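S.K.: Quick one, what's the 3D model for this:
(2 chains)
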Amino acid sequence: MRLKKGRPDLLIFFVTMLLLAIGIVMVFSASYYDTLDKDPYYYLRKQLTWGLLGLVAMLVMMKIDYFRLKPYVNLGFGIALIMLIVVLFFEPINGARRWINLGFTRIQPSEIMKLCMVFFIAKGLSKRGSNIKDLVAGVGPYLVFLGVVGALIMMEPDLGTTLVIAGTTGVLLIAAGLSLGHCFFLSLTGVAGVGGLILMDPTRINRIIGYWDPWSHAGKEGYQLINSLYALGSGGFFGMGLGNSRQKLDYLPEQHTDFIFAILGEELGFIGAILVVLLFFIFAWRGYRIALTCPESFGCLLAVGITTMIVLQAFVNMGVVTGLLPVTGIALPFISYGGSSLLITMLGVGTLLNISRYSHSP
Amino acid sequence: MEMRKRIGIVFFGVAVALVALAIRLVWVQFVMGEELRQKAYATRFRNIEVKAKRGIIYDAKGRPLAISVSTDSFYAIPAEVKRSKREKEIAEQVSKVLGLDQEKILELITKRQAFVWIQRHTPEEKAKALKSLTLPATKEFRETKGLPGIKYVEEPERFYPKGKLLANVLGFAGIDNQGLEGIEKTYDKVLSGISGTIMVEFDNKGQEIPDALQKYIPPQDGNSIYLTIDETIQYIVERELDEIMKLRNPKKAGAIVMDPQTGRILAMAMRNTFDPNDYSNYEQSNRRNSLISDAYEPGSTFKTVTMSGALDEGIVKLTDRFYCGGFIQVGNRKVRCWKSSHGSQSFIEGVQNSCNPVFITVGLREGVDVFYRYLEGFGFGKKTGIELPGEFTGILVSKKLAKEADIYLATMAMGQANAVTPLQLVTACAAMANEGKLMKPQIVQEIRDREGNLVKTIEPEVVRQVIAPETARQVMSILESVVSEGTGKNAYLEGYRVGGKTGTAQKVIPGGRYSTSEYIGSFLGVAPVNDPRMVCLVVVDSPQGVYYGGQVAAPAFKNIMRDGLRYLQVQAQINPEKITGNKQKTRELPSLLGMDISKAIKVLSNYKLKAEVVGKGTTVKAQLPLAGTKVVEDSKVVLYSSIPAKGAEPETVVVPDFTGKNMAEVKELAGMLNLNFEIQGSGEVVRQEPEPGKQIPLGSKISIYMESRVEDALQPIGP
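M.R.: Here you go, the predicted structure:
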């Protein structure tokens, strides 16, 4: 290719490192009490390991020119699709079949699919850029793929990841030039679909109830949100100090995974919470800037997809924790405990950094 | 370029979303922050109540009657027990110490509860043993510090150091230190204080958080109460009641002693009674204070009321003459006198004889309105207002009914038909002894805080002037004559001017008829009549054998008065007019110190007193009783002598017997004999070292052990 290689985007790199560090510290703090009588360092050790693995993965991806991955995109998508089918044959954990147990570790195919989908759509859209205005021939195939992937993930079930994948795909379509009329139509369809999915499952209805009026349902539907709000509220401006969270004492479920942001807000206060929001904002700004400065459309769409995937997920997670959105189980990128999620996020960031090396000043 | 614009839109959307998130954070963490923090706080903290120490109940002299002792109460936090994974071992250890079933303990300490009591108020030794328990190290576990999840708190427990003494008045406090009966109940608020709390932070599993925040609001201990009761007089009264129980085997017996000048209750006791330390093992009836809660038809003791009204109204004079033919016709009914016939008698003789026709005549002369005025004036038919729970008003025949037929007034005049409580009767008699002023019966005189600072003093309260002072004095002298000349002779107390009235009433049995076999014998009296210090009523319900008040109640009354007056240091006085022939004379003992023994013996024999010499000396070094003490003829005076200070041998002295001596006597005696002494305790001597009769060098030290006996302030008069 004729592209000239430059320096990667340092700001994205630092933001990532900072978020990763905050994550490791918070996972330790949030999980410490829960595992006190077994091994209080268990989650710290695992998160450190995954963090290091993620770092290595990021650095490797930074080295590999993103366009060299293009030939493997369909293969990767295919493998991810197969894994999504395979996962359905595993024993459910907490009522959901989200993990493939490899013995030494568990992997989450939906996470893998998240990244593969971005690659897959970015590749496709960059090829037929002009066709995007055609709803059936241009956009149709992606909607079909999204439908298949979404259906498979919903069979696990995992609404949060489905929404993130759908949202990311939508953003990619918009970026690629989806006509506004189609956009409006598809948004309506999407909202109706989500509404349908919610109505299908009493758990999800309860979550809506808990979101709408948590205080009247403090014992059940609103329990998690209320305890999350207790944590954030207790934090105030400066927080209760690192390690001093009280809501992590078995009051707030998922305190080291999906609801880690509440513990962060309790221990580090508004200062800490707004810092995390700000870091994701910087991440979004730099991520979309990379897209804008990328000289060719595959890299551009890839950058948009990866950035959107991470920031959208962060927003949904923090929105859930603060009660802005109804509860849906989704990890906070970089910070929540969870190997697959962290590794995929880091691979994405690595790719993003690689794309940034080919940027030209706009 | 289209795509650049689109990416700009996407970024704008993301920015809007993140700003919304930031606004939401401001809302949750600032605007709602405090409220949420408080709510979170409330869910995490649990309050453990810390009981306040219940105030002490003292007698009038500051002697404790009910105290609070700290005991340890053991509880388990099942979550912590289970977390240790050694619950079986814990149950085994605990059950061994407490002597309880292991399975039950295991079940208890693993219950799905945040907190369970294992045992409250654990005895000290067991508590000590429990606290020192640990689980040994095993292959799997390390040795523990204490037993995991087994904890204790200090809880105050009520203890009544005098056991049954005053039990029916004191009442008792339950396991949670709440006053359930008696003074403990009426003064529960004062005594109980305000509980404190320990606020402990718990996690959601009910486990205490390591380095949790704790807030401690200390309890405010209860205030102490000083009763008007005097422990010594109370003891005397209870001793006499025990004697009655032994001798007469009645269903019940009770006595009240009141200071007529203030209305203060000095003693109040019931038989049967109970031990408040072990209240649950006694019948409810044993815990009842019948002296205030039950009414009875008092019989002749009530004639004092009839008499007071008639004298106050001038309806009868002491010298008026009456005739008793053994009965009196009232309307169409014949009312019998208790004796076949008293013949012709003056009013005063009628009282001395407790003659029914005399009182019926007087009562009918008074008429219903006058009679009721005094009845109500003395407080009958209404609660006296004593600060004890469960006071009864008594039952009076309605005025309307009394006006219908003379028989009602006739029977009321002799003390029947109306039911009154013993306390009402004592209070009425106290008014007669207090120049006609009715006092409100008082049981508590002071409230003090833990440090002894006065919180409240309860002053004596005059209710009203019932009869004129002159009338009251007349009543007193009549009552005195009843004791010296009349039916109350058994209450005669040498050296003191005692007035009183016997009472023997047929018991009303269920159905409203009078029993022919059950009687209530009583004695109501005052001493000394010229300056009344004690009013006392002794009531004996259904004694076996003899039942006349003069026989079953008067002796106890007499003993109570004798020991009580001496205790109150009321000097015995001789009233020659009142002393009849066979009574012993009392003399004031002269000082015999320094006299030759032989001369001293001569002096004593002039006084018709016997002498006992202790020691081999020739002069009197000490004497007992001390000079100035009033003694009756024929009593023994002990003279202590010592060997003269000559000769080769070191001076020695024979150790005198100190037993029963009070502090002043010990000091004087030891001083005379040049002995040093060391006193432990107070009251009177119960033991000494060396023993009496031993020869020891002058200046040796004698160890003396004293104990507070009831008679501690009594001046010995005669044997």
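S.K.: Please count neighbours and contacts with C-alpha atoms only from this point.
M.R.: Will do.
S.K.: Double-check that B:Tyr323 belongs to a strand.
M.R.: Yes. Counting by DSSP: H, G, I helix; E, B strand; the rest coil, one finds B:Tyr323 located in a strand.
S.K.: residues contacting the residue of the stretch 401-550 of chain B found nearest chain A?
M.R.: Closest contact between the stretch 401-550 of chain B and chain A, by C-alpha to the nearest C-alpha, is at B:Arg450 (39.8 Å). Applying C-alpha atoms under 8 Å, 6 or more residues apart in numbering or on different chains to B:Arg450 gives the contacts B:55, B:221-224.
S.K.: Out of the residues you listed, which sit inside helices?
M.R.: Using DSSP state H, the subset of the contacts of B:Arg450 located in helices is empty.
S.K.: where along the stretch 501-650 of chain B do the strands fall?
M.R.: Counting by DSSP state E, counting those that start in this stretch, one finds strands in the stretch 501-650 of chain B at the ranges B:514-527, B:534-541, B:586-588, B:610-614, B:620-624, B:630-632, B:636-641.
S.K.: Just name the most buried of these.
M.R.: Highest mean neighbour count of those: strand B:534-541, a mean of 30 (counted as mean count of other C-alpha atoms under 10 Å in any protein chain shown).
S.K.: Partner strands of that one, with direction?
M.R.: Strand B:534-541 has its sheet partners listed here by DSSP bridges as strand B:252-259 (antiparallel), strand B:514-527 (antiparallel).
S.K.: Just list what the one helix or strand A:Ala273 maps to packs against, helices and strands only.
M.R.: If you go by DSSP states H and E, A:Ala273 is part of helix A:260-293. Secondary-structure packing of helix A:260-293 (3 or more C-alpha pairs under 8 Å, 6 or more residues apart in numbering or on different chains; DSSP states H and E): helix A:10-32, helix A:223-235, helix A:297-322, helix A:339-356, helix B:2-26.
S.K.: Which single residue in chain A comes nearest to chain B?
M.R.: A:Gly233 (4.0 Å).
S.K.: returning to that earlier point: list the buried residues for the helix holding A:Ala273?
M.R.: Residues A:260-274, A:276-293 are the ones in helix A:260-293 that count as buried (16 or more other C-alpha atoms under 10 Å in any protein chain shown).
S.K.: any idea of the angle that helix forms with helix A:10-32?
M.R.: 160 degrees (axes from the mean of the first three to the mean of the last three C-alpha atoms, to 10 degrees).
S.K.: how much does helix A:260-293 deviate in direction from helix A:297-322?
M.R.: Here the directions of helix A:260-293 and helix A:297-322 differ by 160 degrees (the same axes, to 10 degrees).
S.K.: Could you pull up the mean pLDDT of helix A:260-293?
M.R.: Computed over helix A:260-293, the mean pLDDT rounds to 95.
S.K.: A strand includes the residue of the stretch 401-550 of chain B closest to chain A, no?
M.R.: No. Looking at B:Arg450 with three-state DSSP, it is coil, so not inside a strand.
S.K.: count of residues packed around the closest residue to the residue of chain A closest to chain B other than its chain neighbours?
M.R.: Leaving aside its sequence neighbours, A:Gly233 sits nearest to B:Gly33 (C-alpha to C-alpha, 6 or more residues apart in numbering or on different chains; 4.0 Å). When neighbours are counted by other C-alpha atoms under 10 Å in any protein chain shown, B:Gly33 registers 23.
S.K.: Let me see the contact set for B:Gly33.
M.R.: Residues in contact with B:Gly33 (C-alpha under 8 Å, 6+ apart) are A:232-236, B:27.
S.K.: Please produce a ChimeraX select command covering the buried subset of those.
M.R.: To isolate in ChimeraX the members of the contacts of B:Gly33 that are buried, counting by 16+ other C-alpha under 10 Å, one can use:
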select /A:232,233,234,235,236
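S.K.: Rebuild the contacts of B:Gly33 as TSV, extending it with pLDDT and distance to B:Thr618.
M.R.: Compiled in TSV, those are given as follows (pLDDT from 0 to 100; distance: C-alpha to C-alpha, whole Å):
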residue	pLDDT	distance to B:Thr618
A:Leu232	93	100
A:Gly233	92	98
A:Ser234	90	95
A:Gly235	90	96
A:Gly236	89	97
B:Trp27	93	106
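S.K.: Just give me the closest of the contacts of B:Gly33 to B:Ile348.
M.R.: The closest of the contacts of B:Gly33 to B:Ile348 turns out to be A:Ser234 (C-alpha to C-alpha; 89.3 Å).
S.K.: That closest one is in contact with B:Ala42, isn't it?
M.R.: No. Here A:Ser234 does not reach B:Ala42: they are 11.9 Å apart, not a contact under C-alpha atoms under 8 Å.
S.K.: Near chain A, which residues of chain B are found?
M.R.: Residues of chain B lying close to chain A (C-alpha under 8 Å from any C-alpha of the partner chain) are B:2-4, B:6-7, B:10-11, B:14-15, B:17-18, B:21-22, B:24-26, B:28-30, B:32-37, B:39-40, B:203-205.
S.K.: If any of those are buried, put those into a ChimeraX selection.
M.R.: Selection of buried members from the residues of chain B next to chain A for ChimeraX, criterion 16+ other C-alpha under 10 Å:
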select /B:3,4,6,7,10,11,14,15,17,18,21,22,24,25,26,28,29,30,32,33,34,35,36,37,39,40,203,204
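S.K.: Output the below-cut-off pLDDT ranges for the chain.
M.R.: Since no chain was named, I'll use chain A. Filtered on pLDDT under 70, chain A yields the residue ranges A:1-4, A:128-130, A:361-362.
S.K.: Let me rephrase: I mean chain B.
M.R.: B:1, B:206-214, B:574-587, B:624-630, B:632, B:642-653, B:668, B:671-674, B:698-699, B:708-719.
S.K.: Ramachandran angles for the residue in it positioned nearest to chain A?
M.R.: Using C-alpha to the nearest C-alpha, B:Gly33 is the residue of chain B that sits closest to chain A, at 4.0 Å. Main-chain torsions, B:Gly33, degrees, to the nearest 10: phi -50, psi -50.
S.K.: What separation is there between the residue of chain A closest to chain B and B:Ala472?
M.R.: According to C-alpha to C-alpha, to the nearest Å, A:Gly233 stands 79 Å off from B:Ala472.
S.K.: what number of residues lie near B:Asn332?
M.R.: Residues contacting B:Asn332 under the criterion other C-alpha under 10 Å number 8.
S.K.: thinking again about what came up before, quick one: the residue of chain B closest to chain A and B:Gly452, what's the gap?
M.R.: Distance from B:Gly33 to B:Gly452, counting by C-alpha to C-alpha: 47 Å.
S.K.: cool, and B:Lys39?
M.R.: Taking C-alpha to C-alpha, one finds B:Lys39 at 42 Å from B:Gly452.
S.K.: ok, now B:Pro510?
M.R.: Going from B:Pro510 to B:Gly452 by C-alpha to C-alpha gives 50 Å.
S.K.: got it, and B:Ser95?
M.R.: Distance from B:Ser95 to B:Gly452, counting by C-alpha to C-alpha: 42 Å.
S.K.: before we move on, what about B:Leu191?
M.R.: Distance from B:Leu191 to B:Gly452, counting by C-alpha to C-alpha: 14 Å.
S.K.: Please identify which of these two sits among more neighbours.
M.R.: A side-by-side neighbour count of B:Leu191 and B:Gly452, using other C-alpha under 10 Å, places B:Leu191 first with 27 against 10.
S.K.: ok, that one - contacts?
M.R.: Contact partners of B:Leu191, counting by C-alpha under 8 Å, 6+ apart, are B:54-56, B:184, B:222-225.
S.K.: how about 7 Å then?
M.R.: B:Leu191 makes contacts with B:54-55, B:222-224, as judged by C-alpha atoms under 7 Å, 6 or more residues apart in numbering or on different chains.
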